[in-house]
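K.L.:
build me a model from this:
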Amino acid sequence: PCALAALVGLSFSGAIGLTFLMLGCALEYYGVYWPMFVLIFYFICPIPHFIAKRVSDDSDAASSACRELAYFFTTGIVVSAFGFPIILARVEAIKWGACGLVLAGNAVIFLTILGFFLVFGRGDDFSWEQW
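P.N.:
Below is the predicted model:
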């Protein structure tokens with residue numbers, strides 16, 4: 001029951017984040033779909049974590065270099081996702097209001113991804129590895 005509630009909550013927050021992204025693109029006043037390239041960052045964000053989990057299979061509390069490198073790459077991906085709409089707005093490819101909506105969507109989506117790994121990444125009976 002608790003995992004089901006977490007899954008429903010994460011799905012709801014993901015839908016809200018994608019709604020912000022779509023509003024930043026599809027509102028008639030903005031009408032430019034360049035911010036949709038942020039979706040690429042959403043998809044590649046968990047990849048360093050998956051690779052580090054596969055390579056270093058130790059479960060001790062000490063941090064490994066592979067895991068730290070994965071955190072570094074993930075941080076770079078997240079910062080790039082926040083910087084991309086700001087640069088688009090700065091070169092006037094999109095309006096600043098659209099940039100604000102995309103940044104709000106980024107915050108919600110990345111917090112949803114973090115919540116997914118915190119809830120389902122514990123390694124207990126119900127984990128994301130079963131999916």
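K.L.:
so what touches the worst-scoring helix or strand of the chain on mean pLDDT?
P.N.:
Every helix and strand in the chain was compared by mean pLDDT, DSSP states H and E; the lowest is helix 47-55, with a mean of 87. Residues from elsewhere that reach helix 47-55 (CB atoms under 8 Å, 6 or more residues apart in numbering): 64, 66, 67, 69, 70, 71, 73, 74, 77, 117. In short, each C-beta sits where N, CA and C put it, glycine included.
K.L.:
in three-state terms, label residue 94 for me.
P.N.:
Here residue 94 is recorded as coil under DSSP: H, G, I helix; E, B strand; the rest coil.
K.L.:
which residues sit in contact with the most centrally placed residue in the chain?
P.N.:
By CA atoms, centre = their mean, the chain has its centre lying nearest to residue 110, at 3.2 Å. Applying CB under 8 Å, 6+ apart, we find residue 110 in contact with 45, 78, 81.
K.L.:
the helix or strand that the least confident helix or strand of the chain is followed by vs helix 47-55, what angle?
P.N.:
Counting by DSSP states H and E, the next helix or strand C-terminal to helix 47-55 is helix 65-90. Angle between the axes of helix 65-90 and helix 47-55 is 170 degrees (criterion: axes from the mean of the first three to the mean of the last three CA atoms, to 10 degrees).
K.L.:
name the helices or strands packed onto helix 65-90?
P.N.:
helix 38-44, helix 47-55, helix 96-120 (3 or more CB pairs under 8 Å, 6 or more residues apart in numbering; DSSP states H and E).
K.L.:
got these as JSON lines, with distance to residue 25 columns?
P.N.:
As requested, the helices and strands packed on helix 65-90 are exported to JSON lines (distance: least, CB to CB, whole Å):
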{"stretch": "helix 38-44", "distance to residue 25": "10"}
{"stretch": "helix 47-55", "distance to residue 25": "24"}
{"stretch": "helix 96-120", "distance to residue 25": "7"}
